[in-house]
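Participant: All I have is the shape, not the residue letters:
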């Protein structure tokens, strides 16, 4: 009988973490899997000692890494240094501790928010720091660390804060004063959750996978405002 996979999900109380938990508990969980959804109350992942203690306690074989300092555009602009420093610490602690504890696979979550406004395509790994780390761990240690880049996520447990909210909850709260011309892509959190689980189980590459729609399926901000 094969040993059970022990899957640690960091950032378990967030939009995507809650969606994955809902999908897993709704029937997606396999008999050979144990899932652990942890939050900042369980461990401060900016702290190396606490991160190692968490891994020692749960002994994960797989990790879905969602924990991060997050927020909408205004919070990013206001606290950009804090975002950089805290997320570098979190990512380094989770990836290096995963390596030290022999984790078989790590799937991290990136964001469309990190893409620069004016850039060339395709966007390469030099523009995504955790991507650089994933590749380095693969080259130097053979680790299977990869990442997912979802488009704008919406769904249950979203953040409706005026300062921290993303596009759709901001529109619903009538605080996003767009004129309507910009186009955006959106993905429902439960659909993203199912794709995350597929990536964890089936996706073999180190290169990040972009979970988005084609340009023909983009939605205008004006239409989103009308729908709200």
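Facilitator: Noted; the coordinates are in hand. Note that the coordinates shown come from a computational prediction; the quantities given were computed from them, not determined experimentally.

Participant: SS state for residue 87?
Facilitator: helix (DSSP: H, G, I helix; E, B strand; the rest coil).

Participant: Spatially, what comes nearest to it if we skip its sequence neighbours?
Facilitator: residue 68 (5.2 Å; C-beta to C-beta, 6 or more residues apart in numbering). For the C-beta atoms, the positions are set from N, CA and C on the backbone; glycine is no exception.

Participant: tell me the contacts of the one you found?
Facilitator: Residues in contact with residue 68 (C-beta atoms under 8 Å, 6 or more residues apart in numbering) are 11, 86-87, 90-91, 109.

Participant: from what I can see residue 50 touches residue 38, true?
Facilitator: No - under the criterion of C-beta atoms under 8 Å, residue 50 is not in contact with residue 38, lying 10.9 Å apart.

Participant: Of the two, which one has the most company?
Facilitator: Each of residue 50 and residue 38 has its neighbours counted (other C-beta atoms under 10 Å); residue 38 has more, 20 against 15.

Participant: mind checking how far the nearest residue to the more buried one once chain neighbours are set aside is from residue 89?
Facilitator: Among residues not flanking residue 38 along the chain, residue 12 sits closest, at 5.3 Å (C-beta to C-beta, 6+ apart). Residue 12 sits 19 Å away from residue 89, taking C-beta to C-beta, to the nearest Å as the criterion.
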